[in-house]
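**Q** Sequence first, predicted model second:
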Amino acid sequence: MLAYISCLIWLFICVEGVFGAGTDEVKPVSVTEGDSVSLNTDVQVQSKDQILWMFGPRETRIAEIYKKNIDMFDSDVTFGDRLQMDSQTGSLTIRNIRSEHTGLYKLQILSTRGTSYKKFNVTVYAPLPIPIITGDCPSSSSSSSSQYCSLVCSVLNVSDVTLSWYKGMSVLSNISVSDLSISLSLPLDVEYQDKNTYRCVINNPVRNQTTHLDITQLCHTSAEAVHSESVIPSLIYAVLGTTAVALLFFHVRSRQVDKRTCPLAQSGRK
Ligand SMILES: *[C@@H]1O[C@H](CO)[C@@H](O)[C@H](O)[C@H]1NC(C)=O
Ligand SMILES: *[C@@H]1O[C@H](CO)[C@@H](O)[C@H](O)[C@H]1NC(C)=O
């Protein structure tokens with residue numbers, strides 16, 4: 001048993017010693033398309049050091065500093081003029097990054113102190129759209145159940161995001177999507193009186209976008225519709241009433257016209 005444990009400890013130390021020195025450690029880096037990102041070496045370049053950056057599954061050489069000389073190889077094929085290497089540190093900056101620059105960036109540092117490696121797993125996310133809130137507001141004050149507005153928060157063509165409804169600081173509901181680009185919508189029923197405490201948030205590991213619910217703004221049109229519904233009947237009554245009065249008037253006038261053949265009354269009849 002003791003031998004077994006000491007064997008385990010020995011194995012642990014051995015494995016740690018060989019692979020633990022930052023060799024297999026992958027640093028995740030999340031960035032939004034169009035932004036710049038810097039992959040840091042955390043060293044100062046000495047005169048005889050070689051610092052080499054490789055990209056992708058085939059570990060294509062994209063940048064090197066050796067004896068203080070910088071070589072960018074054929075990196076412009078994939079990166080255009082986006083790559084920049086710091087001559088003091090060997091750190092790599094990718095400007096205006098695109099989704100195709102997602103992948104594994106491997107760093108190799110050869111110096112008199114030994115060899116070390118670093119890996120950066122860079123994920124480039126698409127910019128986030130602003131969530132759109134639409135809704136059905138109470139259309140009539142007659143029924144008590146229609147005190148609620150049925151809202152929907154939606155975003156078009158998204159991937160790797162979560163869409164959430166918040167009330168204050170608490171999440172009421174959410175929905176997530178991974179790789180595929182689809183449209184998301186998330187419903188919510190709220191009381192009409194609740195004002196400006198709700199918001200819809202879309203987020204990915206890098207960013208978020210918020211739309212605050214302005215229920216008075218959202219329900220403006222339907223509140224007007226409710227208003228005009230009560231206006232229409234009285235308008236009809238008013239028109240009918242006026243017409244009736246006018247008919248009576250012309251009836252009386254035409255009887256008079258019959259007698260006097262007044263040109264003013266005739267033009268009024270047209
Ligand atoms: C890189 O990150 C992505 C997304 O977070 C993950 O799916 C993938 O497995 C990671 N790859 C490596 C080599 O760590
Ligand atoms: C959204 O991002 C800001 C920083 O940009 C952060 O302060 C805030 O907590 C984030 N909100 C959510 C809901 O993730």
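**A** Ah, there it is. Ligands and ions are numbered 1, 2, ... in the order given.
**Q** tell me the contacts of residue 63?
**A** Residues counted as contacts of residue 63 (Cβ atoms under 8 Å, 6 or more residues apart in numbering) are 52-53, 70-73, 75, 83, 85, 92. C-betas here are computed from N, CA, C, even on glycine.
**Q** Near whichever residue of the stretch 101-250 of the chain sits closest to ligand 2, how many residues? Count them for me, please.
**A** Of all residues in the stretch 101-250 of the chain, residue 208 sits closest to ligand 2, with a separation of 3.7 Å (Cβ to the nearest ligand atom). Summarising burial for residue 208: neighbours were counted as other Cβ atoms under 10 Å, giving 13.
**Q** Output the set of residues of the stretch 101-250 of the chain in proximity to ligand 2.
**A** With Cβ under 6 Å from any ligand atom as the criterion, the stretch 101-250 of the chain meets ligand 2 at residues 201, 203, 208.
**Q** my read: the second one touches residue 160, true?
**A** No. In this structure residue 203 lies outside contact range of residue 160 using Cβ atoms under 8 Å: 10.1 Å.
**Q** if I look at those two, which residues touch both of them?
**A** Shared contacts of residue 203 and residue 160, counting by Cβ under 8 Å, 6+ apart, come down to nothing at all.
**Q** with the residues of the stretch 101-250 of the chain next to ligand 2 in mind, which one is nearest to ligand 1?
**A** residue 203 (15.0 Å).
**Q** That closest one bridge partners, please.
**A** In this structure, residue 203 bridges to residue 162, residue 208 when assessed by DSSP bridges.
**Q** Tell me who's in contact with the residue of the stretch 101-250 of the chain closest to ligand 2.
**A** By Cβ under 8 Å, 6+ apart, the contact set of residue 208 is 128, 201-202.
**Q** Could you find the closest non-adjacent residue to residue 174?
**A** Distance criterion Cβ to Cβ, 6 or more residues apart in numbering; nearest residue to residue 174, sequence neighbours excluded, is residue 164 at 3.8 Å.
**Q** Residue 156 too?
**A** Spatial nearest neighbour of residue 156, excluding adjacent residues (Cβ to Cβ, 6+ apart): residue 183 at 4.7 Å.
**Q** which element is the one you found on?
**A** Taking DSSP states H and E as the definition, residue 183 sits inside strand 182-191.
**Q** likewise residue 119?
**A** strand 114-125.
**Q** mind listing what that strand pairs with, with the direction of each?
**A** strand 26-32 (parallel), strand 103-111 (antiparallel).
**Q** That one vs ligand 1: in contact?
**A** Yes. Part of strand 114-125 sits near ligand 1 under the criterion Cβ under 6 Å from any ligand atom, namely 121, 123.
**Q** do the same with stretch 55-65
**A** No. Judged by Cβ under 6 Å from any ligand atom, stretch 55-65 stays clear of ligand 1, getting no closer than 9.8 Å.
**Q** quick one, what contacts whatever residue of the stretch 51-200 of the chain ends up closest to ligand 1?
**A** With Cβ to the nearest ligand atom, the shortest gap between the stretch 51-200 of the chain and ligand 1 falls at residue 121, namely 3.6 Å. When the contact criterion is Cβ under 8 Å, 6+ apart, the partners of residue 121 are 26-29, 103-105.
**Q** hmm, 7 Å instead?
**A** When the contact criterion is Cβ atoms under 7 Å, 6 or more residues apart in numbering, the partners of residue 121 are 26-29, 104.
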